[in-house]
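Participant: Using only what follows, build the 3D model:
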Amino acid sequence: MKLADLTPVDKASNATLAMYSATYRGTGVFSLNGQDYPDSIRFGVGYGTARFAPGVTAWATYDLGKKCSVFEATAGIDSSTRDPAWTFYPYVLLNDQPVVTDSNGLVLEDTVVGIYNPVPLRVDITGTLRLTIGGTMAANPNYAQGIDTLIMGTARVWCETS
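Facilitator: The predicted structure is shown next:
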């Protein structure tokens, strides 16, 4: 099932200062390292002033009703980003608990994605009521202003059909 077809039950961020904004920014076709990914989820982090705010996070939570077994997506920075030096840490929470490693052994807290290095994610979500996906700003070394986006490309959940 396309995650883009589901409506998030929660869309939020931890941006608390007026100069920052971070948010779930919708779905669509987005480009990662020059390749288009349909049915993708987009998260944006923006700055109103030329300041760096590591740790600014945006996320979306989906109610899966414990009927799904796998989450898959390719995490990366939108190819149209204003500053290719921006990076994010993608993250996945299952029932509000962080996923440490994905099914391929990728350690999520050590994984940084940028414009040139999208990373495929695959997570066992068996028995999960709520799936939260999103990203945390890792770096903005050029102190760029504007909005850049983390993409969860072609995000899918594999679920029981009834």
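Participant: distance of residue 5 from residue 155?
Facilitator: According to CB to CB, to the nearest Å, residue 5 stands 10 Å off from residue 155. (C-beta placed from N, C-alpha, C; glycine too.)
Participant: The two: who's more crowded?
Facilitator: Shown here are residue 5 and residue 155; by other CB atoms under 10 Å, residue 155 has more neighbours (26 against 9).
Participant: Can you tell me the SS state at that one?
Facilitator: Taking DSSP: H, G, I helix; E, B strand; the rest coil as the rule, one finds residue 155 in the strand state.
Participant: list the contacts for it?
Facilitator: The contact partners of residue 155, taken as CB atoms under 8 Å, 6 or more residues apart in numbering, are 2-4, 39-41, 71-73, 133.
Participant: same thing but at 7 Å, please
Facilitator: Residues near residue 155 by CB atoms under 7 Å, 6 or more residues apart in numbering: 3-4, 39-41, 73.
Participant: of all the residues you listed, which comes closest to residue 111?
Facilitator: For the contacts of residue 155, the residue nearest residue 111 by CB to CB is residue 73; the value is 12.7 Å.
Participant: could you say which helix or strand contains the closest one?
Facilitator: Using DSSP states H and E, residue 73 sits in strand 68-77.
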